[in-house]
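# Pasting the sequence and the predicted model now:
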Amino acid sequence: MTYPLRIGTPSVSPRSRRERLEAAWLRKLYRAQQTYGTALAETRRVQADLPSMSPEDAKLALQKALKDQSEAAAEYAKVLQAFTQLVLYGDKPEETTEI
């Protein structure tokens, strides 16, 4: 038995494609927000532990926590901007690094 060759993908309405794209970017936005929240909590934890650390350890721990928090905030802002452009204007975002 032979089957007809199907070239391409099944027809999907532009609306459902856009809805799937928006849902995917919303998931990315939630992940970026969670990553930022985790980094912020870690910074606060390190700040609370500073008095019990040696000056050298305190400096390194705080630098790392602040660096991680800054990177997470930048990624969150980037994903938020891409999601906003998609929802408001229909601009398909370029892929960002996986969060």
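Alright, I've got the coordinates. Numbers count the residues shown, from 1 in each chain.
# Any stretches of the protein with poor pLDDT?
1-12, 14, 96-99 (pLDDT under 70).
# so where do the helices sit in it?
14-49, 55-89 (DSSP state H).
# Just want the most central residue of this protein.
Most central in the chain under C-alpha atoms, centre = their mean is A32, positioned 3.0 Å from the mean C-alpha point.
# Verify the contact between that one and A73 for me.
No: contact between A32 and A73 fails when scored by C-beta atoms under 8 Å: they sit 9.4 Å apart. (Each C-beta comes from the backbone N, C-alpha and C, glycine too.)
# What residues sit buried inside stretch 71-78?
The neighbour-count check on stretch 71-78 (16 or more other C-beta atoms under 10 Å) flags A72, E75, Y76 as buried.
# Likewise for stretch 24-44?
For stretch 24-44, burial by neighbour count (16+ other C-beta under 10 Å) applies to W25, K28, L29, A32, Q33, T35, Y36, A39, E42, T43.
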